[in-house]
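K.L.:
Curious how this folds, go ahead:
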Amino acid sequence: MAHDGPSSLVVEVVLKEPSPVLAGLRDRLEGFMGGRGRIEVVLCDPGMMRMLNRRFRMLDKPTDVLTFDLSDPGGPPEGTIFVDGRLAPPLSEVLERIVHGWLHLQGFSHHTPDEAREMELLTDRYMEGIGE
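P.N.:
Numbers count the residues shown, from 1 in each chain. So this is what the prediction gives:
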């Protein structure tokens, strides 16, 4: 199904005491991720990341980023990217995890060494565009 509606980017911070470094995160990502699709970024604590990892990947350990791709085949990227929000500061660590998740929504993976290298190069390239 084609996506004809407007694009959207939602950034939610689900932390008891979010770092002030996270202020303005949505504005930084809008130019990079905006334009097509619907993407939600949720910054949460390691306990929630562990629960999601256990429930959806059967891995009982915390992780720094999880991407849930809800895109239609051939359609614009849609999905939710969960990131361990306690990585901030520095903001660059949070941005790097979000870019990593966004690349998954674009169809990239890192199952082989070549795929991992490609994702790393793309992450570096997009991080230069976001800046800090």
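K.L.:
Now do the helix or strand hosting F56: distance to the chain's middle.
P.N.:
Per DSSP states H and E, F56 falls inside helix 46-57. Centre-to-centre, helix 46-57 and its host chain are 15 Å apart (C-alpha atoms, centre = their mean, to the nearest Å).
K.L.:
And the average pLDDT for the helix or strand just after that helix is what?
P.N.:
Next along the chain after helix 46-57, taking DSSP H and E as the criterion, comes strand 65-69. The average pLDDT within strand 65-69 is 92.
K.L.:
just the strands in the protein please.
P.N.:
8-13, 38-44, 65-69, 78-84 (DSSP state E).
K.L.:
Only C-alpha atoms, please: export the first one in PDB.
P.N.:
It stands for strand 8-13. Provided in PDB are the C-alpha atoms of strand 8-13 (Å, rounded to 0.1, in the frame of the first residue of the first chain):
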ATOM      1  CA  SER A   8       6.000  12.500  10.400                       C
ATOM      2  CA  LEU A   9       8.700  12.200  13.000                       C
ATOM      3  CA  VAL A  10       7.800  11.700  16.600                       C
ATOM      4  CA  VAL A  11      10.500  11.700  19.400                       C
ATOM      5  CA  GLU A  12       9.400  10.500  22.800                       C
ATOM      6  CA  VAL A  13      11.600  10.600  25.900                       C
END
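K.L.:
any weak-confidence spans in the chain?
P.N.:
Low-confidence regions of the chain, defined by pLDDT under 70, span residues 1-7, 21, 32-35, 87-89, 131-132.
K.L.:
repeat that for 90
P.N.:
1-46, 61-64, 70-79, 83-107, 123-132 (pLDDT under 90).
K.L.:
residue nearest the centroid of it?
P.N.:
In the chain, the residue lying closest to the centroid (C-alpha atoms, centre = their mean) is I98, at 3.0 Å.
K.L.:
That one: what's it in contact with?
P.N.:
L29, V41, V65, I81, V83 (C-beta atoms under 8 Å, 6 or more residues apart in numbering). Where you see a C-beta, it was placed from the backbone N, CA and C, and this is true even at glycine.
K.L.:
The closest residue to the first one other than its chain neighbours: how many residues sit nearby?
P.N.:
Beyond its immediate neighbours in the sequence, the residue positioned closest to L29 (C-beta to C-beta, 6 or more residues apart in numbering) is L9, lying 6.0 Å away. For L9, the count of nearby residues is 18 (other C-beta atoms under 10 Å).
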